[in-house]
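*Asks:* Following is a predicted model, sequence given first.
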Amino acid sequence: MNPINTHSTTYLLKRFAPYFKKYRGTLILDLLCAMLTTVCDIVLPMIVRLITNTAMNDVKDLTLQLIITVGGGYIALRIVDMLANYYMANIGHIMGARIETDMRRDFFSHLQDLSYSYYSETKVGQLMSRITSDLFDVTEFAHHCPEEYFIAGVKITVSFVILVQINAPLTLIIFAFVPLMIFFSMRWSTRMRTAFKKQRNQLGEINARVEDSLQGIQVVKSFANEDVEEAKFHEGNEGFLDVKKEAYRYMAGFQSTTRIFDGIMYCAVVVAGALFLMRGDISLGDFMAFLLFVVMLIAAIRRVVEFTEQFQRGMTGIERFIEVMDEKSEIEDSDDAKELSDVKGGVVFDGVSFRYRDADIDTLHDVNLTIRPGEHVALVGPSGSGKTTLCNLIPRFYDVTAGGIFIDGGDIRGYKAHSLRGHIGMVQQDVYLFSGSVSDNIEYGRPGATKEEIVEAAKLAGAHDFIMSYDDGYDTYVGERGVKLSGGQKQRISIARVFLKNPPILILDEATSALDNESERIVQESLSRLTEGRTTLTIAHRLTTIHGADTILVLTENGIEERGCHDELMAAGGLYSKLYSLYTDENSDTEIGD
């Protein structure tokens, strides 16, 4: 996320080049059309030279047949130019759009593969900026970059060859300015690229700010903090303006440099050409051709120079694209990873320790735990004791720092992560529903499920009746993040999709702690049906909901302090007994930590 350039242009182009491979036929034809469009520009000065010199030698040689032949040939070239330009503007742009589509596909696919920990440290708004506006700049770059440099190369090379034959000294005077123009332009160009990268980074910050504010709009309004959010946005917006000012300052310097060299080159050809003309070293027709060639040459150089702005935007987009693509997932399948199948549900923690990245101490240390197939284990304890972390290690959202976790005797690191997670179902406190219909969200548990299977899952989750109370039934739109549904309704839909998934191992992460009493009762009935016959781990704050657990583990910063069923732990009079007594004595929904 560093706004400073970290890769050379050569490296970025090398990384980007493979995206042209599948379109090389289109690219070659596009460059051929680019060459055809240069023919008219190159031929026109030669036509002017021919007509002028012919008239100067003997005006009688300037016949009607010659004029018609030259004019007809030039019109034919212009028709070819029109067709070639149409191909470039149409098919060439589509090629760039296809490359953008391929890159966006690879980008999104890579995001899906990155570890859970990556998203806890990365702003979604930054990723949105990279996958949209950055890649749009790459589209323009992919199409125009080969064309512009190819056309300029052809024009400069052909112009030099023709002009040096007309008058070598004058040609060398003109071309002597080209390296200087390129040198000073590149200095400004490097600064522009740095500024553009800062600009893209700041735009990502604005996107993140807007996303954060709008997703939390209910909290914003409940605290009447609209002014606070506006102030935060204003700060980011002004920061974006400052970065754009810097970019425009470099752009202005860049363009001013090219313009002064334009003037110098025009002045050189006029003054020096006039001197050569005065001395008789060049004919009037050659001088006219020279002027037109120089106009064409300067226009070609100016297009390349002006394209440098788009070039640097493209380089910035490619660099920001590569930065994410080079992120390595912390969770990767080994070369010999196997599919997990025929799961009974036995889970064993063998000397497991885990420490978050950049943390000074272990969140879990030397945890030993055996869960039998079909056993229901509840986890309780104060906030920060590692309950959620312990559960997140089972589907390999994180990898253990030491020790190992085994399912039915096999180390989970020996299984493909996708296969492992396919056998684990999770019901969380903060239910996430995707924008779409009720049916879409239930089907997410097993894509491709039939309507009958979706309805059956909803019935098992106790959701069928409220779903059918809507006019559109299972086709009811739930809104973004399910805003049109109550907490209990969203939770039952999340339970329904786990029913549809039908996993042998189940993790319930405070699944009822945010619900009112009536909703909790309904959801608890659904969860009771869901846990039947499955190995279940329940993280609970409402201690009265785990009476029926086979084993209750009390976690503290020291690890597993107590274990046993409810009656055993109450009889022992330890920490669990104190927590339970405190909870029931207060007769409230007070939560006992996370």
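*Replies:* Received, thanks.

*Asks:* What is the biggest helix by length in the chain packed up against?
*Replies:* Identified as the longest helix of the chain according to DSSP state H is helix 226-279. Packing partners of helix 226-279 (3 or more C-beta pairs under 8 Å, 6 or more residues apart in numbering; DSSP states H and E): helix 168-175, helix 177-215, helix 217-222, helix 284-325. (Glycine included, C-beta is placed from N, CA and C.)

*Asks:* so how far is that helix off the chain centroid?
*Replies:* Chain-centre distance of helix 226-279: 30 Å, with C-alpha atoms, centre = their mean, to the nearest Å.

*Asks:* buried ones in stretch 493-512?
*Replies:* Neighbour counts over stretch 493-512 (16 or more other C-beta atoms under 10 Å) mark 493-501, 503-512 as buried.

*Asks:* Below-threshold pLDDT in the stretch 1-150 of the chain: ranges please.
*Replies:* By pLDDT under 70, the low-scoring segments of the stretch 1-150 of the chain are 1-6, 57-62.

*Asks:* cool, and the stretch 251-400 of the chain?
*Replies:* Using pLDDT under 70, the flagged stretches of the stretch 251-400 of the chain are 305-306, 309.

*Asks:* Please name the bridge partners of Gly564.
*Replies:* Ile552 (DSSP bridges).

*Asks:* I should have written Ile407 there, sorry.
*Replies:* Those that pair with Ile407 in a beta bridge, by DSSP bridges, are Val347, Gly410.

*Asks:* is it true that it touches Phe349?
*Replies:* No - using C-beta atoms under 8 Å, Ile407 makes no contact with Phe349, being 10.9 Å away.

*Asks:* More neighbours: those two, which one.
*Replies:* More neighbours surround Ile407 than the other of Ile407 and Phe349, with 25 against 21 (other C-beta atoms under 10 Å).

*Asks:* contacting residues for that one?
*Replies:* 340, 343, 345-348, 394, 415, 420, 423, 505 (C-beta atoms under 8 Å, 6 or more residues apart in numbering).

*Asks:* Now, those that are in helices?
*Replies:* Filtering the contacts of Ile407 for helices - DSSP H - leaves Leu420.

*Asks:* Burial check on the nearest residue in space to Asn207 that is not next to it in sequence, number of neighbours?
*Replies:* Leaving out its chain neighbours, the residue that sits closest to Asn207 by C-beta to C-beta, 6 or more residues apart in numbering is Gly125, at 3.4 Å. If you count neighbours by other C-beta under 10 Å, Gly125 ends up with 18.

*Asks:* just Thr194 next, same as before
*Replies:* Residues near Thr194, counting by other C-beta under 10 Å: 17.

*Asks:* For the helix or strand harbouring Ile79, what is the distance to the chain centroid?
*Replies:* If you go by DSSP states H and E, Ile79 is part of helix 64-87. The chain centre lies 47 Å from the centre of helix 64-87; the measure is C-alpha atoms, centre = their mean.

*Asks:* What are the buried residues along it?
*Replies:* Under 16+ other C-beta under 10 Å, the buried positions of helix 64-87 are 70, 77, 81, 84, 87.

*Asks:* how much space between the second one and Val158?
*Replies:* Shown here: Leu77 relative to Val158, a distance of 15 Å by C-beta to C-beta, to the nearest Å.

*Asks:* Restricted to helices, list the buried residues of stretch 493-512.
*Replies:* Filtering the buried residues of stretch 493-512 for helices - DSSP H - leaves 493-501.

*Asks:* Can you tell me the closest non-neighbouring residue to the residue nearest to the spatial centre of the chain?
*Replies:* Most central in the chain under C-alpha atoms, centre = their mean is Ile131, positioned 3.6 Å from the mean C-alpha point. Of all residues not flanking Ile131 in the chain, Phe107 sits nearest, at 5.4 Å (C-beta to C-beta, 6+ apart).

*Asks:* Point me to the helix or strand that includes the one you found.
*Replies:* Counting by DSSP H and E, Phe107 is part of helix 93-113.

*Asks:* Are we agreed that Asp362 is in a helix?
*Replies:* No - read with DSSP: H, G, I helix; E, B strand; the rest coil, Asp362 is coil and lies in no helix.

*Asks:* tally of neighbours for the residue nearest to it when sequence neighbours are not counted?
*Replies:* Of all residues beyond its chain neighbours, the one nearest Asp362 is Arg355 (4.7 Å), with distances taken as C-beta to C-beta, 6+ apart. When neighbours are counted by other C-beta under 10 Å, Arg355 registers 17.

*Asks:* Can you read off the backbone torsions of Arg355?
*Replies:* phi -130, psi 130 (degrees, to the nearest 10).

*Asks:* Touching, it and Thr363? I think so.
*Replies:* Yes - when contacts are counted by C-beta under 8 Å, Arg355 is listed as touching Thr363 (6.3 Å).

*Asks:* mind checking how far Leu506 is from Ala274?
*Replies:* 90 Å.

*Asks:* cool, Ala152 as well?
*Replies:* From Ala152 to Ala274 the distance is 28 Å (C-beta to C-beta).

*Asks:* Could you check which of those two has the larger neighbour count?
*Replies:* Ala152 (21 against 12).

*Asks:* ok, now which ones touch the more buried one?
*Replies:* Counted by C-beta under 8 Å, 6+ apart, Ala152 has contacts 300-301, 303-304.

*Asks:* and which of the buried residues of helix 64-87 is nearest Leu241?
*Replies:* Set against Leu241, the nearest of these by C-beta to C-beta is Tyr87 (40.2 Å).
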